[in-house]
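**Q** turn this into a structure:
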Amino acid sequence: MRKFNIRKVLDGLTAGSSSASQQQPQQHPPGTREPEIQETLQSEHFQLCKTVRHGFPYQPSALAFDPVQKILAVGTQTGALRLFGRPGVECYCQHESGAAVIQLQFLINEGALVSALADDTLHLWNLRQKRPAILHSLKFCRERVTFCHLPFQSKWLYVGTERGNIHIVNVESFTLSGYVIMWNKAIELSSKSHPGPVVHISDNPMDEGKLLIGFESGTVVLWDLKSKKADYRYTYDEAIHSAAWHHEGKQFICSHSDGTLTIWNVRSSAKPVQTIAPHGKQLKDGKKPEPCKPILKVEFKTTRSGYPIFENPYPLSIHESPVTCCEYFADCPVDLIPALYSVGARQKRQGYSKKEWPINGGNWGLGTQSYPEIIITGHADGSVKFWDASAVTLQVLYKLKTSKVFEKSRNKDDRPNTDIVDEDPYAIQIISWCPESRMLCIAGVSAHVIIYRFSKQEVITEVIPMLEVRLLYEMDDVESPEGEQAAPVPTPVVGASPQPGPPQAHPSSSGSSSDGLRDNVPCLKVKNSPLKQSPGYQTELVIQLVWVGGEPPQQITSLAVNSSYGLVVFGNCNGIAMVDYLQKAVLLNLGTIELYGSNDPYRREPRSPRKSRQPSGAGLCDISEGTAVPEDRCKSPTSVKTKSRKFSKMVASDIAKMSRKLSLPTDLKPDLDIKDNSFSRSRSSSVTSIDKESREAISALHFCETFTRKADSSPSPCLWVGTTLGTVLVIALNLPPGGEQRLLQPVIVSPSGTILRLKGAILRMAFLDATGCLVPPAYESWREHNVPEEKDEKEKLKKRRPVSVSPSSSQEISENQYAVICSEKQAKVISLPTQNCAYKQNITETSFVLRGDVVAMSNSICLACFCANGHIMTFSLPSLRPLLDVYYLPLTNMRIARTFCFTNNGQALYLVSPTEIQRLTYSQETCENLQEMLGELFTPVETPEAPNRGFFKGLFGGGAQSLDREELFGESSSGKASRSLAQHIPGPGGIEGVKGAASGVVGELARARLALDERGQKLGDLEERTAAMLSSADAFSKHAHEMMLKYKDKKWYQF
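**A** Here you go, the predicted model:
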């Protein structure tokens, strides 16, 4: 008996009240009702939270290092805080205000960090927990904070301000001391004007009572904290950016705005002992060097050896070239990561330092998540990177350069006039990858497709196999969906018959048609020389769309590859093309309208070919951050008003991005307006020309083995095609037998006539068997392709046969399947072969879905969607019952839309900045285990003791001088600070709370072990001291007894 679940009842009520059309099962005649499928996923299985962030901190603005804990902290201009320990130990925090981090200061070996923000707030962070938290905050009300300095093992923080004053903060209580260094007393009569903000504070390494204060104008003061006056004042006529002490405390160095460095002796304030221009030309005769750009930071170090660079173990090279697309694969075959690592290890550079990476603090987490995860990133330079993303780590495995197959122009003047993009002609747009067969297919911005095989052997390809495809259909779409009468089918430009033929050795040389227009030429030129291909991914076939009658090829909007069938298919706004990559032949080349046949629901009118180039594809890479205000960055292309036919580069790029990657026809889309972070419909007469440019594009492709027609009694190989107008069409595939016959007989491709309709562009398609389990596409398991034939001949016939993994192929004929189709507006589950709509769910009315994926989770499956209004939603399958609906992140730029993707086991990711990947989970189980999976930042370590001063240094005063800061800055001697100067915002505890905070089982055990060691050491010392005292007492007793015997019989006068 099924359990009663109140949550399911509430889910049903919510869905029913929100929309009458939501979650309504299709009514079937008696006897044909869909069988009930037991669904195990419930709402309690879902919870959304961020997990980890990878990559280089975007717009870094502050840096700090704890030399004892070996932890690095980086602050950014957006208020983010990134903490790095040993490789695999990372942490991301965010200041709520979002203000830029201007400085960071570690409390060395205390597990705490002070951050100073541009909004004049200081925060104390507790790092003794896996997710650091703020303990105290101090908001300065009357002065702006410009610089901070915390001496080693001190609780007093020096805070410099824009007015030139220095205040002192007690980091234990986060309160101000009454001790203040006023700017006018610091400079006195040395300058007639204000010295500017404080840009540097540091104490002399040999005398804690001497404070070096640098002012922006060029004045430096050596302040005596005890006497409360300046010992020396140093003046230079160039602004100061930073300063640093020599370790002996007798000299310091300053960096200036003109690119010079000045070195000063402490006791000689008249002029610098040396002036250096490291990046400029040094002039003779004592003249000032030529000015250069300012040196923002300087350090005064001494070394006996050079500085060989370390090999960076962190995944900070994500943005080596701008990321243009992402794919995420969880629960991959277990042999994939070792295979990619083995070929990627050969790509590593040499010449790095032999020393251990110096940032090695913290401890790894103890998570139990063990399934392999791989992230693939496509880049603007045509490279593709594979990353090991298992657990919460990220490590680069292998890098593929797709541009190697093309001839590269040496300079801009040599570039061919067939280019359709202004820059980054090799940029990756779409990635299609089969983890089981390791087949990889990419689509690039220059309307090119490359198919790769994985091999562990190095090969030399004498001639790169290549095909050119003419794909153009001169029709305009007229908005008449739901039309009752179908318009007559016009004559297409290209034929529908298969075009088998040998691959071309090089691009076609015909460059113009009879009327002088560019014709039959691709955008890129494939190399005609032998190509050495290293172990890893090796080129199988290059496919390029060509110019037709002066019309440039349109960029590819969808792509799919199937290793079992040996086919690759791609489409754009002109039509669809299918290629047999085994026989190197074009099987299908159709305009979109030809797929409909006589069932076309739209009226279309012929139009003349466009003479203009398509919008610049450079939009794949984000235009520099900050060039557009957030409101402009969030608007739809259809909301842009233009005064002339020539769009600006930014507008054209955004249009290209929106229409290309998201497959959003501009005449069917709501505009992207920022009003309460939601999307509202609006129309503008100024965008009529843009609307006319929209066509029905191919937006989704899916190979499968299922029922192609209503009358089918068994499943067969086919291709399901989705378009931007919400149509799903099915193409039947008749494959020859495996082995040698597969290479000799043609694949027969024919439209089946099956047409299904949804509202909005089709995004994703998947198939379920009769029990509700996912039916993955058929695939051929990977084998080494480059082994000698004699060794592989027996296996070849066996393994080249198309292998279907569909459970339905062995089931009885009476059992059916389900097609899951997700569009940007709704989702439908279609029963096959009857093609009845079993379930329907209207996902959104006011927005649209950016990404939809059918994913496995908790031994079941669900549909996961990310909407442009910021909502992440999941639905059960096949019933499409809502399970999760959480507002997470509104679409503020195209980068998020282009890179957001879901994968199995409740994982997802997107590119949160041009340099960082944000991973998140929507699984309750992962959220609960996340604390264990994260690493420990703080580990108990003994603070090293300072080196001995030595006898002579102590005798002659050459050693470090200590300072009793408590006596100087405490309330008893300095009084109370003004209450109006700063506002204290208390946290959950002071520094005592930091020291006693629990930080997991590992930290507790380590602390207990350290305490036991300390106790044992103290007990050992006590035992030794006791033994020494006993020995001393015995000696004294013995000596006293001897003295008594010696003088026992003597008289007093004999002594």
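**Q** drop to CA atoms for contacts and neighbour counts, all remaining ones
**A** OK.
**Q** look at Ser353 and report its pLDDT.
**A** Listed pLDDT for Ser353 reads 86.
**Q** stretch 705-719 spans what distance, first to last residue?
**A** Taking C-alpha to C-alpha, to the nearest Å, stretch 705-719 runs 8 Å from one end to the other.
**Q** quick one: that stretch to chain centroid distance?
**A** Between the centre of stretch 705-719 and the centre of its host chain there is 40 Å, according to C-alpha atoms, centre = their mean, to the nearest Å.
**Q** element containing the residue nearest to Lys976 when sequence neighbours are not counted, please.
**A** Counting by C-alpha to C-alpha, 6 or more residues apart in numbering, the nearest residue to Lys976 once its immediate chain neighbours are dropped is Gly178, at 4.6 Å. Remark: Gly178 resides in strand 175-181, with elements defined by DSSP states H and E.
**Q** residues touching the most centrally placed residue in the chain, list them.
**A** Centroid check for the chain by C-alpha atoms, centre = their mean gives Ile917 as the closest residue, at 1.2 Å. Ile917 sits next to 53-55, 909-911 when contact means C-alpha atoms under 8 Å, 6 or more residues apart in numbering.
**Q** neighbouring strands of the helix or strand that contains it in the sheet, and parallel or not?
**A** Assessed by DSSP H and E, Ile917 sits inside strand 916-923. When pairing is defined by DSSP bridges, strand 916-923 lines up against strand 46-55 (antiparallel), strand 907-913 (antiparallel).
**Q** buried residues of the last one, list them for me.
**A** Taking 16 or more other C-alpha atoms under 10 Å as the basis for neighbour counts, the residues of strand 907-913 that come out buried are 907-913.
**Q** now pLDDT too, for the residues you listed, in CSV please.
**A** Shown next, in CSV, are those (pLDDT from 0 to 100):
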residue, pLDDT
Gln907, 95
Ala908, 96
Leu909, 96
Tyr910, 96
Leu911, 95
Val912, 94
Ser913, 94
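**Q** closest to Ala427 out of those residues?
**A** Sorting the buried residues of strand 907-913 by distance to Ala427 puts Leu911 at the head of the list, at 16.6 Å, by C-alpha to C-alpha.
**Q** just give the nearest non-adjacent residue to Val568, would you?
**A** The spatially closest residue to Val568, leaving aside those adjacent along the chain, is Val561, at 4.3 Å (C-alpha to C-alpha, 6+ apart).
**Q** so that neighbour sits right up against Val569, yeah?
**A** Yes. In this structure, Val561 sits in contact with Val569. The criterion is C-alpha atoms under 8 Å, and the distance is 6.5 Å.
**Q** buried sites along stretch 319-335?
**A** Judged by neighbour count (16+ other C-alpha under 10 Å), stretch 319-335 contains these buried residues: 319, 321-332.
**Q** contacting residues around stretch 705-724?
**A** Residues beyond stretch 705-724 that count as contacts (C-alpha under 8 Å, 6+ apart) turn out to be 663-665, 696-704, 728-735, 752-754, 760-763, 765, 777-778, 804, 806, 808-809, 813, 817, 832-835.
**Q** just the buried ones out of those residues, please.
**A** Judged by neighbour count, with 16+ other C-alpha under 10 Å as the criterion, the buried members of the contacts of stretch 705-724 are 663-665, 696-704, 728-733, 735, 752-754, 760-763, 765, 777-778, 804, 806, 808, 817, 832-835.
**Q** tell me the angle of the host helix or strand of Gln931 relative to strand 46-55?
**A** Under the criterion of DSSP H and E, Gln931 resides in helix 924-933. An angle of 40 degrees separates the directions of helix 924-933 and strand 46-55 when computed by axes from the mean of the first three to the mean of the last three C-alpha atoms, to 10 degrees.
**Q** which stretches in the stretch 251-400 of the chain count as helices?
**A** Residue ranges of the helices in the stretch 251-400 of the chain, as given by DSSP state H, counting those that start in this stretch, are 336-344.
**Q** and the strands in it, which stretches?
**A** Counting by DSSP state E, counting those that start in this stretch, the stretch 251-400 of the chain has these strands, from start to end: 251-256, 261-265, 274-276, 323-330, 373-379, 383-388, 395-401.
**Q** any idea which of these gets closest to Gln42?
**A** Proximity to Gln42, assessed across these by C-alpha to C-alpha, is greatest for strand 323-330 (21.4 Å).
**Q** and that closest one, what does it pack onto?
**A** In this structure, strand 323-330 makes packing contacts with strand 373-379, strand 428-434, helix 894-899, strand 901-903, strand 907-913, judged by 3 or more C-alpha pairs under 8 Å, 6 or more residues apart in numbering; DSSP states H and E.
**Q** can I get these in CSV with distance to Ser455?
**A** Formatted as CSV, the helices and strands packed on strand 323-330 follow (distance: least, C-alpha to C-alpha, whole Å):
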stretch, distance to Ser455
strand 373-379, 18
strand 428-434, 15
helix 894-899, 28
strand 901-903, 26
strand 907-913, 29
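**Q** mean pLDDT lowest for which of these?
**A** Comparing mean pLDDT over those, the weakest stretch is helix 894-899, at a mean of 90.
**Q** which sections of the stretch 851-1000 of the chain are below the confidence cut-off?
**A** Counting by pLDDT under 70, the stretch 851-1000 of the chain has low-confidence residues at 946-961, 987-1000.
**Q** residue ranges of the strands in it, please?
**A** Counting by DSSP E, counting those that start in this stretch, residue ranges of the strands within the stretch 851-1000 of the chain are 860-867, 871-876, 882-887, 901-903, 907-913, 916-923, 982-985.
**Q** dump those strands into a markdown table; add distance to Lys404 as well.
**A** Converted to a markdown table, those look like this (distance: least, C-alpha to C-alpha, whole Å):
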| stretch | distance to Lys404 |
| --- | --- |
| strand 860-867 | 35 |
| strand 871-876 | 39 |
| strand 882-887 | 43 |
| strand 901-903 | 28 |
| strand 907-913 | 26 |
| strand 916-923 | 27 |
| strand 982-985 | 58 |
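**Q** and those strands: which comes nearest Lys399?
**A** If you check each of the strands of the stretch 851-1000 of the chain against Lys399 by C-alpha to C-alpha, strand 916-923 wins as the nearest, at 17.5 Å.
**Q** counting neighbours, what do you get for Val145?
**A** The burial count assigned to Val145 is 29, neighbours taken as other C-alpha atoms under 10 Å.
**Q** isn't it up against Gln103?
**A** No. Under the criterion of C-alpha under 8 Å, Val145 lies out of contact with Gln103, with a separation of 9.9 Å.
**Q** common neighbours of the two, please.
**A** For the pair Val145 and Gln103, residues contacting each of them under the criterion C-alpha under 8 Å, 6+ apart are 116-117.
**Q** residue contacts, Lys210?
**A** Residues touching Lys210, when contacts are defined by C-alpha under 8 Å, 6+ apart, comprise 203-204, 222-225.
**Q** what about these, which are in strands?
**A** When DSSP state E is applied, the contacts of Lys210 are split such that 203-204, 222-224 fall in strands.
**Q** between these, which is closest to Trp364?
**A** Of all those, the one sitting nearest Trp364 is Asp203; the distance, using C-alpha to C-alpha, is 36.0 Å.
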